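>>> From the sequence below, what's the structure:
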Amino acid sequence: MKQRAYLLFIVLLVFSLPVQAAKSIVVEALFSGKAVIMIDGQRRVLAVGDTSPEGVKLIAADSRKATLEINGQRKDYTPGSTISFDFEKPEMLQEKLYANDRGMFLTVGSINGQSVRFLVDTGATSVAMNKSQAKKLGVRYRLDGEPTTASTASGFVRSYRVFLKSVALGKIKRNNVEAMVIDGNHPGPVLLGMSFLRGLKIEKSGDVLLLKQKQ
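Have a look, this model is predicted:
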């Protein structure tokens with residue numbers, strides 16, 4: 001009795017294992033009711049109704065085409081067809097921001113793991129902060145930064161080009177982000193500029209700003 005229970009447990013375990021998703025498929029040969037398919041370098045001979053260990057199911061086949069079900073979708077393929085894809089769609093991380101009564105997108109994020117108040121500014125070439133903010137965050141701009149100048153409303157001022165270990169806005173996080181430390185009291189909130197926003201998909205609709213990043 002114990003042996004039967006053990007065997008039943010093994011069978012259930014096997015069927016509960018996750019199916020490995022195929023990333024490359026080549027239809028090599030077709031026959032009536034069968035297909036020879038190369039899946040991630042492994043040759044599989046499938047009869048109609050069979051499903052490969054990678055999750056590719058043969059729905060129908062003759063000498064001209066095969067109907068495969070991949071990731072829940074059915075499509076016809078001819079001999080020699082090559083399919084390259086990833087079953088697992090990359091998760092899209094996104095953050096939704098709302099404009100204040102002045103039309104500005106203010107939010108809270110973090111720099112090097114410390115909480116920061118951001119002003120999203122697509123017109124700024126990089127993340128920018130004043131020297132007081134940099135000191136609070138422990139950014140050693142005078143030691144590690146590269147002296148340069150920055151253009152502000154008051155004209156050109158001395159600044160330092162640095163690289164931040166991490167900048168995060170909600171779930172969206174980027175490492176080694178270029179930033180400017182301005183030797184003065186400008187800006188007020190830390191500007192979240194294009195050195196962070198570049199590569200993100202930015203959608204603006206009225207007073208809503210949507211930032212998206214593929215994981």
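
>>> Who are the packing partners of the longest strand along the chain?
Using DSSP state E to define each element, the chain has its longest strand at strand 155-169. Using 3 or more Cβ pairs under 8 Å, 6 or more residues apart in numbering; DSSP states H and E, the elements in contact with strand 155-169 are strand 106-111, helix 141-144, strand 146-152, strand 172-182. For the C-beta atoms, the positions are set from N, CA and C on the backbone; glycine is no exception.

>>> Need the contact partners of the shortest one.
For helix 141-144, the surrounding residues in contact (Cβ atoms under 8 Å, 6 or more residues apart in numbering) are 131, 134, 160, 162, 181.

>>> how about a markdown table for these, with distance to residue 196 and neighbour count added?
Shown next, in a markdown table, are those (distance: Cβ to Cβ, whole Å; neighbours: other Cβ atoms under 10 Å):
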| residue | distance to residue 196 | neighbour count |
| --- | --- | --- |
| 131 | 20 | 19 |
| 134 | 16 | 24 |
| 160 | 18 | 22 |
| 162 | 14 | 22 |
| 181 | 15 | 26 |
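
>>> Let me know the closest of these to residue 194.
residue 162 (15.9 Å; Cβ to Cβ).

>>> got a pLDDT number for the closest residue to that closest one other than its chain neighbours?
Among residues not flanking residue 162 along the chain, residue 145 sits closest, at 4.3 Å (Cβ to Cβ, 6 or more residues apart in numbering). Looking at residue 145, its pLDDT reads 88.

>>> ok, residues contacting the helix or strand where residue 213 lies?
Following DSSP states H and E, the helix or strand that holds residue 213 is strand 208-214. Strand 208-214 is contacted by residues 90-99, 105, 120, 169, 172, 197, 199-204 when judged by Cβ under 8 Å, 6+ apart.

>>> Can you flag the buried ones in the residues you listed?
Among these, the ones that count as buried by 16 or more other Cβ atoms under 10 Å are 93, 95, 97, 105, 120, 169, 172, 197, 200.

>>> so which of these comes closest to residue 187?
Out of these, the member with the shortest distance to residue 187 (by Cβ to Cβ) is residue 120, at 12.2 Å.

>>> Run through the helices of the chain in chain order.
If DSSP state H is used as the criterion, the helices of the chain fall at 2-16, 131-136, 141-144, 194-197.

>>> Just list what the last one packs against, helices and strands only.
In terms of contacts (3+ Cβ pairs under 8 Å, 6+ apart), helix 194-197 is packed against strand 172-182.
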